[in-house]
Each structure stands twice: as C-alpha cells, then as structure tokens.
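K.L.:
what's the 3D shape of this:
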Amino acid sequence: MLLNVLPQLIRMVQRTFTVRLRRDEESGYYAARCVELPEAISQGKTEEEALTNLREALELVLEEYEMIGQRSSEYHASRSQHNT
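P.N.:
Numbers count the residues shown, from 1 in each chain. The predicted structure follows:
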C-alpha cells in the first residue's frame, strides 16, 4: 500500500516539473515520478534519495527527447534535399 502522496516541484534548467512522491509502507522505500514526463520514475530509501534519483532520470529522459528531435530534424532535412 502506498501512502503519503506529496506533490513536489523540481526545477531544472528553468523548467518546473510536478513530482508525485509516495512511500511504500511495506518496504519503506519512496517512489518518485514526474507528472509531465511519465517515463521519468525512480525510487530511494529516503525522500531526498528518491528526488535525487528522479532528477537524474529527468535529465536522461530530456537528453533522449533532444536526441530524438535532432534525428527527426536531420531526417526531414535529408528528405527536403532529395525532393528538390
């Protein structure tokens, strides 16, 4: 059973994310997830550790989005060159 739902805000590079932090009663661990980026999830023994781990997960997700955006831009640029 998950208890203690605590919305938290994490600021990263001028971005604000809403975080849901829950403590699992059985294990005592905290689970953290980003509302805006559901791919970013993490856990930790303490609230602080869970939030630190989530910050790292957010950075990785945002890096992946950036790489996907670059690949998409390169693809569209190459398609434009072939169509001219």
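
K.L.:
where do the strands sit along this protein?
P.N.:
Using DSSP state E, the strands of the chain run over residues 2-12, 15-24, 30-34, 41-44.

K.L.:
of all these, which has the lowest average per-residue confidence?
P.N.:
Among those, strand 2-12 carries the lowest mean pLDDT, at a mean of 47.

K.L.:
And the pLDDT for Ser73?
P.N.:
Value for Ser73, per-residue pLDDT: 63.

K.L.:
Same question for the one 10 residues further on.
P.N.:
Per-residue confidence (pLDDT) for Asn83: 59.

K.L.:
buried sites along stretch 36-50?
P.N.:
Ala40, Ile41, Ser42, Gln43, Gly44, Ala50 (16 or more other Cβ atoms under 10 Å). No exception for glycine: its C-beta is placed from N, CA and C like everyone else's.

K.L.:
Just the endpoints, please. Distance across that stretch?
P.N.:
The straight-line separation of the ends of stretch 36-50 (Cα to Cα, to the nearest Å) is 17 Å.

K.L.:
Show me the contact partners of that stretch.
P.N.:
With contact meaning Cβ atoms under 8 Å, 6 or more residues apart in numbering, stretch 36-50 is reached by 6, 17-18, 21, 23, 28-34, 51-54, 56-58, 60-62.
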